[in-house]
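S.K.: below are the sequence and a predicted model; questions follow.
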Amino acid sequence: MSKQFSSLGISAPILKALSELNIVEPTEIQQKTIPLLLAETHDVVGLAKTGTGKTAAFGLPLLQLIDTESPVVQAVILVPTRELGQQIFRNLEGFGKHLPNVSIASTCGGIPIKPQIERLTQPTHIVVATPGRLIDLIQRKAIDLKQTAYLVLDEADEMVSILKESLDEIVAELPKKHRTLLFSATLPGTIKQLIQNYLNRNVVQVSASMETVGNQGIDHEYIVVDPIEKLDVLMHFLNSREGERGIIFCKTKAAVNKLAKNLAINRFSSGALHGSLSQGIRDRIMEQFREGHINILVATDLAARGIDVKEISYVVNYHLPDTYENYVHRSGRTARAGAKGLSLTVLQEEEVAEIPGFEQELGIKFTKFQKPSVASLEENNTLLWAKQIFKTKPNHDISTELKTKVKTVFHHLTKEELIEKLLANYVLQNKVEVAEKPVKKFKK
């Protein structure tokens, strides 16, 4: 392992940290980028899909290039979300474990600014920041970027609108001679415009193919459903993957909240993540997910950026993503670090025609996921009902007298007889509910 990374020019203290982190061999983007950043002075554009090790591609050489004798900010890494910022900050601390004199700070939005201002009064070499918070710090004169040699734009395709508004103000604070390193999963026209406006004319572009370590193990599948059965089909799938961890993506915050509520009703171990939640709640949910206290995360695209959990075995696109780029980011949450994973997209009949576009654009192949039968869905709903009863906590507000009366009703039944009656009642109630549902009339 050490020989492979050492051949890229990585120093001994960083090699030691990589070995301890069990990072075995450099990915394609790392092999192409690390020597370039260490040996050259050009601006660099790195194009690689999610989960291919972009953080190490720029993070390892940056750590090595820091002049620890100079207590100034030498590198700024801009990220679209605080979650991704925290992930990069943790990764850099891990890579730099044996570089005690390199100082790294995270200054992202969503949390109080005062502790960050206080932190920046101490010697700091690398700052990980969201654009809005960095501008706030600049305006408060709480950060000095006059000697910053490196500006990294990570997940640039997710920051285009923010960068359009804020990059001028940030670049104005940097010395005229600095290197810009732009990393992106895709290269739309808006990113090309950014490269033209802000990077040196002699910019070097490196790209890693789709067939990378992070994406080889993903099975891309789709399932076709009627709108009325969509939730039941999802519940059937989740029940079949009980105990595994996964992420369900929805288009809107409202859809995230609605689906999370349904999962909670059916006693799935889950949490919701979207931009309208306070940072404290988002952090708590992410921590619970990372530590395995909850198994399912329901999230919007941007809120899920920065989720780097190795044991995510599946991703469900409950709504078809708006862009090919979003599909790359979503599916890239699974099959990380060489593991296998499933990316399942739930479609309505009229959306199936969009699949060939995703295949052609992303160089992947979808297979059709078999929809469960009506009988299987009904059986699953019955099991979910049984789990609801099992996981319901006793209500201690119910009077002892009433409990005694109810017990008297059931006292002569065996456990098996009680279950038989409960099941029969459940089936009967559901038949009544279906019969009472109003029939929609359609105009001819």
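M.R.: Yes, it's here. Small disclaimer: the values here were computed from a predicted structure and weren't measured.
S.K.: okay, now the unreliable bits of this protein?
M.R.: 1-3, 50-51, 209-216, 303-306, 308, 336-338, 432-444 (pLDDT under 70).
S.K.: can I see the domain layout of it?
M.R.: 2-207, 218-374, 393-436 (automatic domain parsing).
S.K.: would you turn those into a markdown table with distance to Trp385?
M.R.: No exception for glycine: its C-beta is placed from N, CA and C like everyone else's. As requested, the domains of the chain are exported to a markdown table (distance: least, Cβ to Cβ, whole Å):
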| stretch | distance to Trp385 |
| --- | --- |
| domain 2-207 | 35 |
| domain 218-374 | 9 |
| domain 393-436 | 6 |
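S.K.: quote the end-to-end distance of stretch 46-65.
M.R.: This stretch, stretch 46-65, spans 18 Å end to end (Cα to Cα, to the nearest Å).
S.K.: that one: which residues count as buried?
M.R.: Buried residues in stretch 46-65, defined by neighbour count with 16 or more other Cβ atoms under 10 Å: 46-64.
S.K.: then stretch 373-381?
M.R.: 377, 380-381.
S.K.: go on, stretch 175-184?
M.R.: If you call a residue buried by 16+ other Cβ under 10 Å, then stretch 175-184 has these buried ones: 178-184.
S.K.: which one of the domains of the chain lies nearest to Lys387?
M.R.: Lys387 lies closest to domain 218-374 among those, at 5.2 Å (Cβ to Cβ).
S.K.: endpoints of the closest one, how far apart?
M.R.: In domain 218-374, first residue to last residue: 28 Å (Cα to Cα).
S.K.: ok, now stretch 389-405?
M.R.: End-to-end distance (Cα to Cα), stretch 389-405: 20 Å.
S.K.: centre of the chain to it, how far?
M.R.: Mean-position distance between stretch 389-405 and its chain equals 41 Å (Cα atoms, centre = their mean, to the nearest Å).
S.K.: in the stretch 201-350 of the chain, which spans are strands?
M.R.: Counting by DSSP state E, counting those that start in this stretch, the stretch 201-350 of the chain has strands at residues 204-207, 218-224, 245-249, 270-273, 296-299, 312-317, 341-347.
S.K.: most tightly surrounded among these?
M.R.: Comparing the strands of the stretch 201-350 of the chain by mean neighbour count (mean count of other Cβ atoms under 10 Å), strand 296-299 comes out on top with a mean of 26.
S.K.: what strands line up against that one, and which way round?
M.R.: According to DSSP bridges, strand 296-299 forms sheet pairs with strand 245-249 (parallel), strand 270-273 (parallel).
S.K.: what angle sits between the longest one and strand 341-347?
M.R.: I take that to be strand 245-249. On the basis of axes from the mean of the first three to the mean of the last three Cα atoms, to 10 degrees, strand 245-249 is oriented at 30 degrees to strand 341-347.
S.K.: contacts for strand 245-249?
M.R.: 234, 238, 259, 289, 292, 295-301, 304, 307, 309, 311-319, 321, 330, 333-334 (Cβ atoms under 8 Å, 6 or more residues apart in numbering).
S.K.: now the helices for the stretch 101-250 of the chain?
M.R.: Taking DSSP state H, counting those that start in this stretch as the criterion, the stretch 101-250 of the chain carries its helices at 114-119, 131-139, 160-171, 189-198, 230-240.
S.K.: I'd like these laid out as CSV, including distance to Ile364.
M.R.: Formatted as CSV, the helices of the stretch 101-250 of the chain follow (distance: least, Cβ to Cβ, whole Å):
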stretch, distance to Ile364
helix 114-119, 40
helix 131-139, 31
helix 160-171, 24
helix 189-198, 21
helix 230-240, 20
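S.K.: so which of the ones you listed is nearest Ser106?
M.R.: With Cβ to Cβ as the yardstick, what comes closest out of the helices of the stretch 101-250 of the chain is helix 114-119 (8.0 Å).
S.K.: the closest one: which residues count as buried?
M.R.: For helix 114-119, by 16+ other Cβ under 10 Å, it's 116-117.
S.K.: centre of the chain to it, how far?
M.R.: 27 Å.
S.K.: can you tell me what sits against that helix?
M.R.: 105-107, 133, 137, 140, 142.
S.K.: list just the nearest of these to Gln370.
M.R.: For these, the nearest to Gln370 is Ser106 (44.9 Å; Cβ to Cβ).
S.K.: ok, now which ones touch the closest one?
M.R.: Ser106 makes contact with 85-86, 89, 116, 127-129, according to Cβ under 8 Å, 6+ apart.
S.K.: now the strands: where do they sit in the stretch 51-200 of the chain?
M.R.: Using DSSP E, counting those that start in this stretch, strands in the stretch 51-200 of the chain cover 75-78, 104-107, 126-129, 150-153, 179-184.
S.K.: surely Gln31 touches Leu8?
M.R.: Yes. Assessed by Cβ atoms under 8 Å, Gln31 is found in contact with Leu8 at 6.6 Å.
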